[in-house]
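Q: sequence? don't have it. structure:
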């Protein structure tokens, strides 16, 4: 993509202005919260700025005062979600990981991870938009890079001795497995969600324990590089 095209897309997704006054910040937050609620009710395809404005009880022009289009609102929601995820991962990284067993680490990781998923309204359609809408692909890429880089570093601190390429592969597998399963967990009732979370923890233990010290995995040259 050319730099001109990148700048054009950035302008299309940028808020009209950064809210400074408390009232303006509150209105921007209301737009994001309302969009999340509508995503849960009507889905991505039927979501429009007209519907968002109607739900808020304001004119469409009032919504456009903050965001130029629907994708800009979704982009802001995605950035908000990534910021929360970054905060939780940074908190975990700041803890004394070296003293944790692998199971203790994974249990803490899942607790923090699922809290971010539960906070974000309309998460499933938002994730689908990040993957399926070209304007939002950058968010999907940033999400993967964020999680994988944190996991690779935390695996190292936990004493994994596998080569960097293998550690990257394990981080990618952990990401994809957790992402898919946690989207299920947050939509389940309490008891069922707890059982699914425990299943996920056990799956990760089997995956990671088997390879954490695999210093010469077969087919290493074919493993995706970090």
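A: Noted; the coordinates are in hand. All of these numbers come straight from a predicted model, not from anything done at the bench. Residues are numbered from 1 along each chain as shown.
Q: contacts, neighbours, all on C-alpha from now
A: Noted.
Q: contact partners of whichever helix in the chain runs longest?
A: Determined from DSSP state H, the single longest helix within the chain is helix 70-93. If you take C-alpha atoms under 8 Å, 6 or more residues apart in numbering as the criterion, helix 70-93 is touched by 12-15, 31-32, 35, 47-49, 67, 108-109, 112-113, 116, 120, 126, 129-130, 135-136, 139, 143, 146-147, 150, 154.
Q: could you pull out the helices for the protein?
A: Under DSSP H, the chain gives helices at 3-13, 22-42, 49-56, 60-64, 70-93, 102-119, 123-132, 137-157, 164-185, 190-211.
Q: mind putting those into TSV with mean pLDDT?
A: Conversion of the helices of the chain to TSV gives the following (pLDDT from 0 to 100):
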stretch	mean pLDDT
helix 3-13	53
helix 22-42	91
helix 49-56	95
helix 60-64	93
helix 70-93	95
helix 102-119	96
helix 123-132	90
helix 137-157	96
helix 164-185	95
helix 190-211	97
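Q: returning to what we had before: of the contacts of helix 70-93, keep whichever come out buried.
A: Buried by 16 or more other C-alpha atoms under 10 Å: 12-15, 31-32, 35, 48-49, 67, 109, 112-113, 116, 120, 126, 129-130, 135-136, 139, 143, 147, 150, 154, out of the contacts of helix 70-93.
Q: pretty sure residue 139 contacts residue 130?
A: Yes - using C-alpha atoms under 8 Å, residue 139 makes contact with residue 130 at a distance of 6.2 Å.
Q: OK, contacts around residue 150?
A: Contacts for residue 150 (C-alpha under 8 Å, 6+ apart) come out as 89, 93.
Q: can you offset everything so residue one is 786?
A: Sure, I'll start counting at 786 from here, so that last one is residue 935.
Q: distance of it relative to residue 994?
A: According to C-alpha to C-alpha, to the nearest Å, residue 935 stands 18 Å off from residue 994.
Q: repeat for residue 964
A: 20 Å.
Q: what do you get for residue 979?
A: Using C-alpha to C-alpha, residue 979 is found at 22 Å from residue 994.
Q: count of residues packed around residue 941?
A: Residue crowding around residue 941 was assessed by other C-alpha atoms under 10 Å; the count is 17.
Q: ok, it - contacts?
A: Counting by C-alpha under 8 Å, 6+ apart, residue 941 has no contacts.
Q: going by neighbour count, which residues of stretch 833-850 are buried?
A: 833, 834, 836, 837, 838, 841, 845, 848, 849.
Q: run the chain-centre distance for that stretch.
A: 26 Å (C-alpha atoms, centre = their mean, to the nearest Å).
Q: now do the end-to-end distance for it.
A: Separation of the first and last residues of stretch 833-850 by C-alpha to C-alpha is 15 Å.
Q: coming back round to it: can I get the buried residues of stretch 833-850 in a markdown table with distance to residue 943?
A: A markdown table is the format used below for the buried residues of stretch 833-850 (distance: C-alpha to C-alpha, whole Å):
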| residue | distance to residue 943 |
| --- | --- |
| 833 | 46 |
| 834 | 47 |
| 836 | 48 |
| 837 | 46 |
| 838 | 49 |
| 841 | 48 |
| 845 | 51 |
| 848 | 47 |
| 849 | 48 |
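Q: between the residues you listed, which is nearest residue 960?
A: Lowest distance from residue 960 to the buried residues of stretch 833-850 (C-alpha to C-alpha) belongs to residue 833, with 31.1 Å.
Q: quick check on that closest one: phi, psi?
A: phi -140, psi 160 (degrees, to the nearest 10).
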